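Enquirer: One predicted model, sequence on top.
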Amino acid sequence: MPGLVEGHAHLSFESVTSTEDLITPPPEDDELLLEEALLLEEALLLEEALLDDELVLEEALLLEDDALLEEDDALEDDELPLEDDDELPLEDVTLPENSRVYMIAGTQHGGRAGATTDPGPNINPRNPHNPMPAVRALLVALDEWVVSGKEPPASRVPTLAAGTLVEPDKTGFPAVPGAVVVKVTNQVAPPGDWVHPKPADKAYRTLVCKVDADGNEAAGVRLPDIAVPLASYSGWNEYKPPYPAGELADRDGSCLPFAIDKAAREAAGDPRPSIAERYKSGADYVAKVQAVVSALQKDRLLLAEDAKNYIERAHREPRVAP
């Protein structure tokens, strides 16, 4: 049977026919050995419960939880699996060779075609960025991987090694006038008691993607709207009253458009270059979109049909001067 592991303690056990086969309890004056024996007995009861009847599964899982809690008490000051922020590992996890992970930059929860910038219940305009062109290309790559063994594109995610995975208050997001810039994340903690809730004693550290000077995520799959931008796109937003101040929107991101020209940018006090300052003409804008589209196609992150659509849309873009 596999061992039961919690913290630094490791308890292995063999299959037995009943709890009567357990060894004689250790001396009462040895508290740690007694608790270890109790843990062994309860783990064996868990095994019997699972073998006897699936109806007692819930009771068996509760028994296992109690055993782990007893072991935690015995460990006292030993290291726990969930550590304080300054004790967490500072290196990236190496993915298995048969896994890939992708982050499609600048996308809100449930991003889709046809989304609008209507702010709804939020302070900032909502994020209309459509991630589906990348999703379609990755689904084709997945199918080819399964059917023919052709390797999919390499993972594209922010990492500690590249300096693109950072604390939420260190993303480098520009101070856009009139916009709310979120610098916190929701807490991610082990499940607690939902009947009698209380603040978690420990929580996981949550890191986010660093952004470029325009406020767009610097890592992941950067589609043309992000790589050749006309706005800053984020996955976060804040609710406006009557929601509590600072309440994070649970689904909506933000879209913060660039000023049309230098005069409008300076009048607003916007640190991001205006559209006219970054694209000399419509032809210049189309050329930049074409370069990004070609690179994404080469990396198998964009299908031919979607590539064509991006180029046609760039030719029709009204915000860029002819």
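Expert: Nice, I can see it.

Enquirer: what about stretch 207-219, start to end distance?
Expert: 13 Å (C-alpha to C-alpha, to the nearest Å).

Enquirer: in the stretch 151-300 of the chain, which spans are strands?
Expert: 165-166, 208-209, 231-234, 254-257 (DSSP state E, counting those that start in this stretch).

Enquirer: quick one, which of those strands is packed in tightest?
Expert: strand 231-234 (a mean of 26; mean count of other C-beta atoms under 10 Å). C-beta: built from backbone N, CA, C; applies to glycine.

Enquirer: Partner strands of it, with direction?
Expert: strand 254-257 (antiparallel) (DSSP bridges).

Enquirer: and the strand it pairs with, how far out from the chain's middle?
Expert: How far strand 254-257 lies from its chain's middle: 21 Å, per C-alpha atoms, centre = their mean, to the nearest Å.

Enquirer: Over to stretch 279-293?
Expert: 31 Å.

Enquirer: quick check: mean pLDDT across it?
Expert: In this model, stretch 279-293 has a mean pLDDT of 98.

Enquirer: List the buried residues for that stretch?
Expert: Buried positions in stretch 279-293, judged by neighbour count with 16 or more other C-beta atoms under 10 Å: 279, 282, 285-286, 288-290, 292-293.

Enquirer: repeat for stretch 124-135
Expert: With the criterion 16+ other C-beta under 10 Å, stretch 124-135 contains buried residues 124-131, 133-134.

Enquirer: Nearest to residue 245, out of those residues: which one, please.
Expert: When the buried residues of stretch 124-135 are compared for distance to residue 245 (C-beta to C-beta), residue 124 wins out at 14.6 Å.

Enquirer: which ones are touching the closest one?
Expert: 179-180, 237-238, 254-256 (C-beta atoms under 8 Å, 6 or more residues apart in numbering).

Enquirer: so residue 158 makes contact with residue 221?
Expert: No: assessed by C-beta atoms under 8 Å, residue 158 is found out of contact with residue 221, at 11.6 Å.

Enquirer: Spit out the residues that contact these two alike.
Expert: residue 103.

Enquirer: ok, those two, which is more surrounded?
Expert: Counted by other C-beta atoms under 10 Å, residue 158 and residue 221 do not tie: residue 221 has more neighbours, with 26 against 21.

Enquirer: I figured the more buried one was touching residue 135, is that so?
Expert: No: at 9.4 Å, residue 221 and residue 135 do not qualify as touching, with contact defined as C-beta under 8 Å.

Enquirer: wait, doesn't residue 301 sit right on residue 153?
Expert: Yes: with contact defined as C-beta under 8 Å, residue 301 and residue 153 form a contacting pair (5.9 Å).

Enquirer: Who has more neighbours out of these two?
Expert: residue 301 (23 against 16).

Enquirer: Let me see the contact set for that one.
Expert: 134, 137-138, 153, 156, 221.

Enquirer: taking the residues you listed one by one, which sit in helices?
Expert: 134, 137-138 (DSSP state H).

Enquirer: now these as JSON lines including distance to residue 319?
Expert: Listed next are those as JSON lines, based on distance: C-beta to C-beta, whole Å:
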{"residue": "134", "distance to residue 319": "23"}
{"residue": "137", "distance to residue 319": "26"}
{"residue": "138", "distance to residue 319": "29"}
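
Enquirer: how's this protein carved up into domains?
Expert: Domain assignment for the chain by automatic domain parsing gives 4-75, 132-316.

Enquirer: that older thread, okay, and the common contacts of residue 301 and residue 153?
Expert: residue 138.

Enquirer: What is the neighbour count of residue 105?
Expert: By other C-beta under 10 Å, 27 other residues sit near residue 105.
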